[in-house]
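Undergrad: Fold the following for me, if possible:
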Amino acid sequence: MILSSIFKLHFFIVMKIHLIAIGGSAMHNLAIALKQKRNKVTGSDDKIFSPSKERLEKQNLLPEKIGWNPSKITKDIDIVIVGMHAKEDNPELLKAIELNLKIFSYPEYIYEHSKDKKRIVIGGSHGKTSITAMILHVLKRQDIDCDFMVGAQLDGFENMVRLTKNAPYMIIEGDEYLSSPIDRRPKFHLYHPHIAVLSGIAWDHINVFPTFEIYIEQFRLFKNMVRDTLIYCQEDNTLKKLVSEDTNCKVLGYTTHENKVIDGITYVENTKLQIFGNHNLQNLNAAKLVCKEIGIKSKVFYAEIASFKGASNRLELVYCNKNTALYKDFAHSPSKLKATSKAMKEQFKNRKLVACMELHTFSSLDKEFLTQYKGCMNDPDISIVYFNPESIAHKGLNLITKENIKKAFAKEDLKVFNSSCDLKKFLNTMDWENQNLLMMSSGNFNNINLKELILL
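TA: Reported below is the predicted structural model:
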């Protein structure tokens with residue numbers, strides 16, 4: 001099916017737009033942004049969770065009924081945008097195809113909107129959200145107008161998507177996952193960046209990229225699409241090798257920013273930061289190079305980044321007192337677990353670390369992929385893995401056991417829980433004097449209230 005490439009849309013006239021799978025993280029933010037442009041926006045989904053539900057409801061965009069309803073798809077709809085959560089046989093999608101409506105995936109729509117803007121795309125297996133958030137933080141404080149699409153809620157930003165007519169820049173978090181059920185291209189292949197960042201490559205999404213070589217190829221294709229400047233992390237050997245191949249644009253490398261830690265506070269260039277850890281210091285250097293490419297001097301960057309508190313769920317402080325601190329992080333892949341645990345140990349040298357991760361993604365719950373986690377939880381003083389058997393069943397995967405997990409992580413004293421209630425009870429019995437807790441997941445530990453885990 002030929003999609004957006006055969007026509008040019010007038011994006012700044014009022015249109016009737018329907019979103020299939022409106023409840024997704026990116027999709028519901030796109031719906032809000034489209035309504036703010038005074039379009040007539042509707043949507044459907046078979047499941048909508050918090051906070052998407054409440055945010056859609058506040059904007060009067062929450063569907064009256066949960067589920068798919070082909071009668072919503074009518075000839076007068078100008079655009080249908082389909083999210084990855086929908087399936088290829090979705091009845092609303094089939095009806096839209098039957099009526100020959102204009103159909104976009106959300107990355108297609110983002111590209112069409114930004115055709116006449118300078119596109120800055122942040123890609124990589126990790127750090128995308130943090131780098132994008134840093135850039136947006138500095139640009140906002142400098143009153144530099146830009147549109148954006150970012151993967152987390154940010155302080156000072158009402159929405160995760162902004163679409164305007166006149167902003168000269170479009171800052172995009174470039175995910176490598178598939179675009180839609182009828183468009184199997186990785187999302188970041190659709191953006192055609194002028195400036196791009198690649199933060200690192202660590203195999204993920206094995207359900208669509210079954211080998212590491214296939215996964216790497218997606219980044220090679222993205223690299224070759226960059227028009228002006230490619231910025232990449234030189235400390236990632238896989239990425240370094242990839243960039244050493246022929247590249248038809250300017251290439252800038254970065255490493256972990258020089259820093260010092262004093263009394264649990266990280267400083268760079270005599271600037272006190274509110275973030276910490278090598279990954280964040282790599283991300284900071286990437287963001288600084290992007291900002292430099294659009295005319296922001298280093299001195300100005302440091303002055304503005306000092307007030308950056310981090311993106312939601314990225315080494316985010318949940319609770320602290322003089323004896324303990326509780327952090328949460330989106331980490332779920334082996335490389336992310338290592339980096340986040342190491343950051344906590346190095347930042348709080350005089351405290352022990354209890355680290356708990358949830359196996360939640362398709363890759364992490366796959367019995368074969370589990371072997372990739374060997375040694376990734378060795379830094380914490382107490383390491384815990386939680387998984388929900390219902391998540392395994394929902395994803396149609398083969399059952400894994402506590403023994404499978406212990407063997408894969410290769411850590412004899414690893415504690416494994418498959419009940420969130422048991423996990424909470426265990427943590428509640430611990431002495432938190434001079435001991436921190438780190439909770440890592442792309443899920444929510446079966447709706448555990450993190451603030452109830454540390455009892456003092």
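
Undergrad: helices and strands of this protein: which one bottoms out on pLDDT?
TA: When the helices and strands of the chain are scored by mean pLDDT, DSSP states H and E, helix 389-394 comes last with a mean of 88.

Undergrad: wait, doesn't Val82 sit right on Ile103?
TA: Yes: using Cβ atoms under 8 Å, Val82 makes contact with Ile103 at a distance of 6.3 Å. Glycine gets a C-beta too; all of them are placed from N, C-alpha and C.

Undergrad: just to revisit the earlier point, can you list the residues that contact the least confident helix or strand of the chain?
TA: Leu359, His360, Leu365, Asn398, Leu399, Ile400, Asn418, Gly443 (Cβ atoms under 8 Å, 6 or more residues apart in numbering).

Undergrad: From those residues, pick the one nearest Phe308.
TA: Gly443 (25.8 Å; Cβ to Cβ).

Undergrad: wait, what's in contact with that closest one?
TA: Glu358, His360, Asn388, Ser391.

Undergrad: ok, back up a step: shared neighbours, Val82 and Ile103?
TA: Common neighbours of Val82 and Ile103 (Cβ under 8 Å, 6+ apart) are Leu93, Ala96, Ile182.

Undergrad: follow-up on the earlier one: C-terminal to the least confident helix or strand of the chain, what's the next element?
TA: Scanning forward in sequence from helix 389-394 by DSSP states H and E, the next helix or strand is helix 402-409.

Undergrad: got the CA positions of that following helix in PDB?
TA: In PDB, the C-alpha atoms belonging to helix 402-409 read as follows (Å, rounded to 0.1, in the frame of the first residue of the first chain):
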ATOM      1  CA  LYS A 402      13.200 -18.700  38.900                       C
ATOM      2  CA  GLU A 403      15.900 -21.300  38.200                       C
ATOM      3  CA  ASN A 404      16.200 -20.200  34.600                       C
ATOM      4  CA  ILE A 405      16.700 -16.600  35.700                       C
ATOM      5  CA  LYS A 406      19.300 -17.400  38.300                       C
ATOM      6  CA  LYS A 407      21.300 -19.400  35.800                       C
ATOM      7  CA  ALA A 408      21.000 -16.700  33.200                       C
ATOM      8  CA  PHE A 409      22.200 -13.900  35.500                       C
END
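
Undergrad: next structured bit after it?
TA: Per DSSP H and E, the helix or strand that comes after helix 402-409 is strand 415-417.

Undergrad: quick one, helices of this structure?
TA: For the chain, helices defined by DSSP state H occupy the ranges 25-36, 52-58, 91-98, 106-113, 128-141, 212-223, 237-243, 278-293, 298-305, 334-347, 389-394, 402-409, 420-428.

Undergrad: Export those as CSV, with columns for distance to Glu452.
TA: Listed next are the helices of the chain as CSV, based on distance: least, Cβ to Cβ, whole Å:
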stretch, distance to Glu452
helix 25-36, 25
helix 52-58, 21
helix 91-98, 40
helix 106-113, 35
helix 128-141, 26
helix 212-223, 38
helix 237-243, 40
helix 278-293, 27
helix 298-305, 33
helix 334-347, 20
helix 389-394, 21
helix 402-409, 24
helix 420-428, 7
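
Undergrad: and Pro193, how many neighbours does it have?
TA: Here the number of neighbours of Pro193 (other Cβ atoms under 10 Å) works out to 24.

Undergrad: residues in contact with it?
TA: Applying Cβ under 8 Å, 6+ apart, the residues contacting Pro193 are Arg119, Ile120, Val121, Ile172, Gly174, Met225, Val226, Arg227.

Undergrad: now with 7 Å?
TA: Arg119, Ile120, Val121, Met225, Val226, Arg227 (Cβ atoms under 7 Å, 6 or more residues apart in numbering).

Undergrad: Please produce a ChimeraX select command covering the buried subset of those.
TA: To isolate the buried ones among the contacts of Pro193 in ChimeraX, judged by 16 or more other Cβ atoms under 10 Å, type:
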select :119,120,121,225,226
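
Undergrad: Among the contacts of Pro193, which one sits closest to Glu245?
TA: Nearest to Glu245 among these is Val226, at 12.8 Å by Cβ to Cβ.

Undergrad: Next, work out how far apart that closest one and Ile216 are.
TA: Val226 sits 16 Å away from Ile216, going by Cβ to Cβ, to the nearest Å.

Undergrad: picking that back up, just send the contacts of helix 389-394 back as a markdown table, with pLDDT and distance to Asp431 too.
TA: Compiled in a markdown table, the contacts of helix 389-394 are given as follows (pLDDT from 0 to 100; distance: Cβ to Cβ, whole Å):
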| residue | pLDDT | distance to Asp431 |
| --- | --- | --- |
| Leu359 | 96 | 27 |
| His360 | 92 | 28 |
| Leu365 | 91 | 32 |
| Asn398 | 89 | 38 |
| Leu399 | 90 | 35 |
| Ile400 | 93 | 31 |
| Asn418 | 96 | 25 |
| Gly443 | 88 | 27 |
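
Undergrad: correct me, but Asn436 touches Asn321?
TA: No: assessed by Cβ atoms under 7 Å, Asn436 is found out of contact with Asn321, at 11.2 Å.

Undergrad: that older thread, could you identify the most distant pair in the contacts of Pro193?
TA: Using Cβ to Cβ, the contacts of Pro193 reach their maximum pairwise distance at Ile120 and Met225, which is 13.3 Å.

Undergrad: sorry, back to before: just put the helices of the chain in a markdown table and tack on mean neighbour count and distance to Ile382.
TA: Output for the helices of the chain, formatted as a markdown table (neighbours: other Cβ atoms under 10 Å; distance: least, Cβ to Cβ, whole Å):
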| stretch | mean neighbour count | distance to Ile382 |
| --- | --- | --- |
| helix 25-36 | 22 | 31 |
| helix 52-58 | 16 | 34 |
| helix 91-98 | 18 | 47 |
| helix 106-113 | 23 | 41 |
| helix 128-141 | 25 | 26 |
| helix 212-223 | 17 | 31 |
| helix 237-243 | 16 | 31 |
| helix 278-293 | 23 | 22 |
| helix 298-305 | 17 | 33 |
| helix 334-347 | 22 | 11 |
| helix 389-394 | 13 | 23 |
| helix 402-409 | 17 | 13 |
| helix 420-428 | 16 | 10 |
